[in-house]
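Asks: let's see this in three dimensions:
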Amino acid sequence: MKLATLTVAGGTTAAVDIDGAWHALPFSDVGAALADAAWRDTVAAAASTAPIDSPDFALLLPAPGKVICCGLNYSDHILEMGRELPTFPTLFAKYADTLCSATDDIVLYGASDKVDWEVELAVVIGTTIVRGDRAEASAAIAGYTAANDVSMRDWQNRTLQWFQGKAFDATTPIGPVFVTADALDPVKGLAVSCAVNGEEMQRGNTSQLVFDAADLVSYVSQFTTLRPGDLVLTGTPGGVGMGMTPPRFLADGDVLTTTVEGIGTLTNRIRVAAASA
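Replies: Numbers count the residues shown, from 1 in each chain. Predicted structure coming up:
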């Protein structure tokens, strides 16, 4: 099952894909839908409504309570960054303000000249989980979406803490849709890829994650409660710009294309604006 947040007259609406047509749900966005314990029943009734003409994708989850990210979770990326395989997940957090939609321009204001790409599978939480084991974590996963953890490497490397290079406003595209967990199995393997101006930079497979989705959700839930609509980003494979010789980074006008098998593609243009804009 696929859900999305669509732009409609007067705002946005959550919607479900039924046989290739999008039908509106009585929620403003996918996050609001997941917050309703009976959302699946509501989805089942949506087939009786008229389909939405010319659907326009909006930000999938505009207000998650938590966005938790895992770094260094594909063995090839760990090695290209000159690190050893971890015993525990390397985690950092973002704010909801960091997110943007699958088609938004990513607007930079000259604060960084080392802007890098990171394709990621993102986990969407469906039920509240506190100190859950792996089985409980699996049950708490509502589904998955695509993301790109666009990173300002110069800011990231100013200190040992990564946060400041990962949390610039409106620089982390997600979407375009949310796919329920019964329709995808990242453990069996989903291809993930990232291209810049049509040139493939990254290609990996979620079967190679050091810590898979259930591992991460269980681990995170040991120290902080996860609730419906929260996001957990699972890390990126090798091929980031900082790992190249010489390093390569995003520039004004570049088109960043992020694809996760079974979910879809994000297409975001990089724009560098004046700092006063």
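Asks: the closest residue to Asn148 other than its chain neighbours: which element?
Replies: Spatial nearest neighbour of Asn148, excluding adjacent residues (Cβ to Cβ, 6 or more residues apart in numbering): Thr258 at 4.3 Å. Heads up, the C-betas are built off the backbone N, CA and C, glycines and all. Using DSSP states H and E, Thr258 sits in strand 255-260.
Asks: buried stuff in that strand?
Replies: Under the neighbour-count criterion of 16 or more other Cβ atoms under 10 Å, strand 255-260 has 256-260 buried.
Asks: just stretch 217-230 next, same as before
Replies: Those buried within stretch 217-230 under the rule 16+ other Cβ under 10 Å are 217-221, 226-230.
Asks: just the ones of these in strands?
Replies: Among those, the subset assigned to strands under DSSP state E is empty.
Asks: can I get those in JSON lines with pLDDT?
Replies: Below are the buried residues of stretch 217-230 laid out as JSON lines (pLDDT from 0 to 100):
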{"residue": "Val217", "pLDDT": "98"}
{"residue": "Ser218", "pLDDT": "98"}
{"residue": "Tyr219", "pLDDT": "98"}
{"residue": "Val220", "pLDDT": "98"}
{"residue": "Ser221", "pLDDT": "98"}
{"residue": "Leu226", "pLDDT": "98"}
{"residue": "Arg227", "pLDDT": "98"}
{"residue": "Pro228", "pLDDT": "98"}
{"residue": "Gly229", "pLDDT": "98"}
{"residue": "Asp230", "pLDDT": "98"}
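Asks: could I get these as JSON lines with distance to Gly11?
Replies: Below are the buried residues of stretch 217-230 laid out as JSON lines (distance: Cβ to Cβ, whole Å):
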{"residue": "Val217", "distance to Gly11": "31"}
{"residue": "Ser218", "distance to Gly11": "36"}
{"residue": "Tyr219", "distance to Gly11": "36"}
{"residue": "Val220", "distance to Gly11": "31"}
{"residue": "Ser221", "distance to Gly11": "33"}
{"residue": "Leu226", "distance to Gly11": "27"}
{"residue": "Arg227", "distance to Gly11": "23"}
{"residue": "Pro228", "distance to Gly11": "21"}
{"residue": "Gly229", "distance to Gly11": "18"}
{"residue": "Asp230", "distance to Gly11": "23"}
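Asks: which secondary structure elements does the top helix by length along the chain contact?
Replies: Criterion DSSP state H: the longest helix present in the chain is helix 213-221. If contacts are counted by 3 or more Cβ pairs under 8 Å, 6 or more residues apart in numbering; DSSP states H and E, helix 213-221 sits against strand 67-71, strand 119-125, helix 134-140, strand 141-148, strand 231-233.
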